[in-house]
Structure formats: structure tokens, C-alpha cells
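> one predicted model, sequence on top.
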Amino acid sequence: MGHSLESIQKIAVVGAGTMGAGIAQVSALAGYDVVLYDLSQEVLDKALKGINKNLDGAVERNKITAEQKGETLDRIVITTDFQQLKADVIVEAIIEKLDIKVKLFNDLATINDDNAIFATNTSSIPITQIAAQVPKPERVVGMHFFNPAHIMKLVEVISGEATSPEIAGVIKALAEKMGKKAVMAKDAPGFIVNRVARHFYVEGLKVLEENVADLETIDKLIESSGFRMGPFKLMDLIGVDTNFSVTSSMFESFHYDSKFRPSRIQQQKVAAGFHGRKSGRGFYSYE
């Protein structure tokens, strides 16, 4: 069977963290029936609360009506039952570990037919590596949203070596239907945005390491040149640990090219548990 945007009725999202919740929200707002799955009921309840709050904000800003908010929430079903994950498109937004993603897609393959499209929201794992270990690798595609997914307009649609151009085209059309700006990318480490942005962080850290200036000054200078946030504020927002793991993964993918080398200063923060805003302390203190 050929794939088309019209053949998509139901979307399943695996992982109800910040990204998964945001993807569920934009999917439901675009008119799709959504199943949001997580192992933890607590995480699911928190996700639904967050979606509710985001939609309230959209109503206040007159982006949507109260009626649209109600309809959007009605389209979302939350579940801890894996068997519910039968859908036309399944978007994975779980931990950045290759073996765990591969196992997930193999489990999904047992309950879905061959037409189900498997999309991954990975920011640093090659699509080709995931797809190679999954039945029907041509249906595995990258659909990389940016945080916060309900606000950020960009989605990178990434084709692995085996990805069918037809399926990549359907995912691009789907992202556009969600009101996103979709960009097609080849499967290179970090894709486009993360690859270019790496040096925003890595060089910021080098400037700090070489005592050229303190981090507050570096952030202030970068912000006064037009960026909304300097590298250290942004790392704290994203999660110092998350940012470090993406840099480490890309360093490896580029065969240890020194320009991607992770910073010892950042590694120390991670080891100390200073993970940014979410832990109350990162490069700055939020206590």
C-alpha cells in the first residue's frame, strides 16, 4: 500500500517527557487521534497537565478557542499499556540509547502492520543505525522536533540510507500539517541544527576554560549580539547532562574530530549532578 498524508488518522507517541508531550499536543491540535504512552503513570499525568496548561496559554493569546482546546484534549489518550500502540505513525521520544530504541521499534513491529511508519525524534543517533536492526527499515525516518515542541517551528525530517523517499515525503507533509517548517536532511551526525549549534556550546566552554572571560560575561556578549540566550543559560535550560551526552555522541560519530571534543568543565557539572534548571543548579544557581 502506498503512503499518503490522507492515510494517516492515528498517531502514537512513545515517551511522555517534555518532547513527547509536546509532540502529542501538536498532533492532537492538527486533528489526529493520539495515543501517548509511557512506562510511568506519574509521567503521563504530568504530561497531560502540561498540555492542558499550554493550551490554556494558547486560548489566552487567542491562538485557539476554548472549544478547540476541549477537542484537542479529547483526542489524546494516555496509557501505560504497550498494546495500545497500534497507529499509522509512531513517534519515538525516549532515551538517547541505540539499543533501547531498536528494541522499542522491534516490539512495535510485532503489534503493527508493515505500513506503520516509525519516526524517531532522536537528536544524535544515526537513523541508518536504528533502521538497520528493524524489520522493514524503509519505514524508519527521523522526525526531529525542537524544544519546546509546541512553540518551535522547525522539524528536521531525516532519511537514513534505507528510508523510502515516499515515507520521508509523507512525514514532511505531516509536519507541515502540524504548522511546522519542515526541512529535509540526510543522515549525518547531529543532522543540521545540532551540528551547527554544537560549537555555540563547545567554543563557549573553551572560552571559559581558557579564562578569557567568566560565563556571565560570555552569555551577556552573545545575547547583546542578537542571540536570545547565551550558551551557558541555554545549556542550563536544555539540561547540562543532555547537552553533554549529545556532544559526546557527536564527537564519537565524527571519529573523534577534536573540534567536537566535549568539555571537562561540563563533564564535572554532570558528575556533580548540576544538571541546570531542572536540578536547581547548573552553570547558574536556580535555588
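Thanks, I have it. Numbering: from 1, shown residues only.
> in the helix or strand hosting D219, what's buried?
Assessed by DSSP states H and E, D219 sits inside helix 215-224. For helix 215-224, the neighbour count (16 or more other C-beta atoms under 10 Å) marks L215, I218, D219, I222 as buried. Every residue, glycine included, has its C-beta placed from N, CA and C.
> how about the strands in this structure?
Along the chain, the segments classed as strands by DSSP state E run 10-14, 33-37, 76-79, 89-92, 117-120, 140-145, 154-159, 181-186.
> show me what contacts the nearest residue to A21 once chain neighbours are set aside?
Spatial nearest neighbour of A21, excluding adjacent residues (C-beta to C-beta, 6 or more residues apart in numbering): A47 at 3.8 Å. By C-beta atoms under 8 Å, 6 or more residues apart in numbering, A47 lies in contact with A16, G17, G20, A21, A24, L36, D38, I78.
> on that earlier part again, possible to save the strands of the chain as TSV with mean neighbour count and distance to K69?
Formatted as TSV, the strands of the chain follow (neighbours: other C-beta atoms under 10 Å; distance: least, C-beta to C-beta, whole Å):
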stretch	mean neighbour count	distance to K69
strand 10-14	25	19
strand 33-37	23	15
strand 76-79	18	12
strand 89-92	25	22
strand 117-120	26	26
strand 140-145	26	21
strand 154-159	22	23
strand 181-186	15	24
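> and the ones you listed as JSON lines, adding distance to L55 and mean pLDDT?
JSON lines is the format used below for the strands of the chain (distance: least, C-beta to C-beta, whole Å; pLDDT from 0 to 100):
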{"stretch": "strand 10-14", "distance to L55": "16", "mean pLDDT": "98"}
{"stretch": "strand 33-37", "distance to L55": "13", "mean pLDDT": "98"}
{"stretch": "strand 76-79", "distance to L55": "10", "mean pLDDT": "98"}
{"stretch": "strand 89-92", "distance to L55": "19", "mean pLDDT": "98"}
{"stretch": "strand 117-120", "distance to L55": "23", "mean pLDDT": "98"}
{"stretch": "strand 140-145", "distance to L55": "17", "mean pLDDT": "98"}
{"stretch": "strand 154-159", "distance to L55": "20", "mean pLDDT": "98"}
{"stretch": "strand 181-186", "distance to L55": "22", "mean pLDDT": "98"}
